[in-house]
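> Here's a sequence, model it:
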Amino acid sequence: MRPTLIAVATAVSFFLGCAANQAYAERQPRMRDALVHLEKALSELKSARADKGGYRVKAIGLTEQAIGAVREGIQFDNQH
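Residues are numbered from 1 along each chain as shown. Predicted coordinates:
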């Protein structure tokens, strides 16, 4: 291949790769939004004062599980 053709092919590959990565990163906007909301909810629960008869602690645990599940779902989708 001629050097100019190699440079053009490299540049095109680079820009196509960047475009693909951008589209790939935005594939799960709702899962990412849910993650932000869950993390905010977890922060609020941890900031609450009284235990509410054990329900606050239970809600913290369930919210942490939900955050983990959303992260696992995002990771799974990124790998498949």
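> Glu64: neighbour count?
The tally of other residues near Glu64 (other Cβ atoms under 10 Å) stands at 14. Using the backbone N, CA and C atoms, a C-beta is placed for each residue, glycine as well.
> try the one 5 residues further on
For Ala69, the neighbour count with other Cβ under 10 Å is 12.
> For it, which three-state class applies?
helix (DSSP: H, G, I helix; E, B strand; the rest coil).
> And the one 3 residues further on, by the same measure?
Local secondary structure at Glu72 is given as helix here, using three-state DSSP.
> Mind jotting down where the helices sit in the chain?
Using DSSP state H, the helices assigned to the chain run over residues 3-25, 29-47, 55-79.
> Show residues contacting the longest one.
Pointing back at helix 55-79 there. Contacts of helix 55-79 with the rest of the structure, by Cβ atoms under 8 Å, 6 or more residues apart in numbering, involve 24, 27-28, 31-32, 34-35, 38-39, 41-42, 45-46, 48, 50-51.
> Would you mind checking those residues for buried ones?
28, 34-35, 38, 42, 45 (16 or more other Cβ atoms under 10 Å).
> Please convert those residues to a markdown table, extending it with distance to Gln65 and pLDDT.
Output for those, formatted as a markdown table (distance: Cβ to Cβ, whole Å; pLDDT from 0 to 100):
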| residue | distance to Gln65 | pLDDT |
| --- | --- | --- |
| Gln28 | 19 | 88 |
| Ala34 | 14 | 96 |
| Leu35 | 13 | 97 |
| Leu38 | 10 | 97 |
| Leu42 | 11 | 97 |
| Leu45 | 13 | 96 |
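> got CSV for those, with distance to Gln79 too?
Below are those laid out as CSV (distance: Cβ to Cβ, whole Å):
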residue, distance to Gln79
Gln28, 12
Ala34, 19
Leu35, 17
Leu38, 21
Leu42, 25
Leu45, 30
